[in-house]
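Undergrad: no sequence on hand, only this structure:
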């Protein structure tokens, strides 16, 4: 386990490793686990990359109207365009910000890859400013590695 991973992070990773079922069940269970376990993770979802759009997959939190996001738009679309994870401490500083919920203050986006190809991303919002740390990013990268194959399967479905 990387050094930045806390005991809570390790526990969640162990629980993700124990999940069984279809790709849909495993991904929704992962989202539910992240939402219920991680402090201040008020909206947690996966967007699948399909062509030049991100398509909302499983999520937990307030309903969102953002079912599709174009690559390059908002934090999620910019992460894909730049092929980089993003931590935003204050979403009001992002010029092209797209809010999933009106209460969002900070956000983290971590790319999910399968065989070095981006297939999806985790998008996590918090109602608290500066809620996400580099350790949270490291943790989500670990989880992304575990769910990458399932995301690949669902990203290619129409």
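TA: Yep, it's here. All figures in this text were calculated on a predicted structure; none of them were measured in a lab. Residues are numbered from 1 along each chain as shown.
Undergrad: tell me where the chain has strands.
TA: 43-50, 53-60, 68-70, 86-88, 106-114, 117-126 (DSSP state E).
Undergrad: same list (the ones you listed) but as TSV, adding distance to residue 31.
TA: Just so you know, the C-beta spots here come from the backbone N, C-alpha and C atoms, and that holds for glycine as well. Listed next are these as TSV, based on distance: least, Cβ to Cβ, whole Å:
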stretch	distance to residue 31
strand 43-50	5
strand 53-60	5
strand 68-70	17
strand 86-88	19
strand 106-114	12
strand 117-126	9
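Undergrad: contacting residues around residue 73?
TA: 96, 98 (Cβ atoms under 8 Å, 6 or more residues apart in numbering).
Undergrad: where does the protein have low pLDDT?
TA: Within the chain, the set of residues satisfying pLDDT under 70 comprises 1-5, 158.
Undergrad: could you pick out the longest helix of it?
TA: Looking across the chain with DSSP state H, the single longest helix is helix 134-155.
Undergrad: quick one, that one and strand 53-60 angle?
TA: For helix 134-155 against strand 53-60, the angle by axes from the mean of the first three to the mean of the last three Cα atoms, to 10 degrees is 110 degrees.
Undergrad: what angle sits between helix 134-155 and strand 106-114?
TA: Using the same axes, to 10 degrees: helix 134-155 against strand 106-114 is 50 degrees.
Undergrad: and helix 134-155, what's buried?
TA: Buried residues in helix 134-155, counting neighbours by 16 or more other Cβ atoms under 10 Å, are found at 136-144, 147-148, 150-152, 154-155.
Undergrad: mind giving me the packing neighbours of it?
TA: helix 7-17, helix 23-37, strand 43-50, strand 86-88, strand 106-114, strand 117-126 (3 or more Cβ pairs under 8 Å, 6 or more residues apart in numbering; DSSP states H and E).
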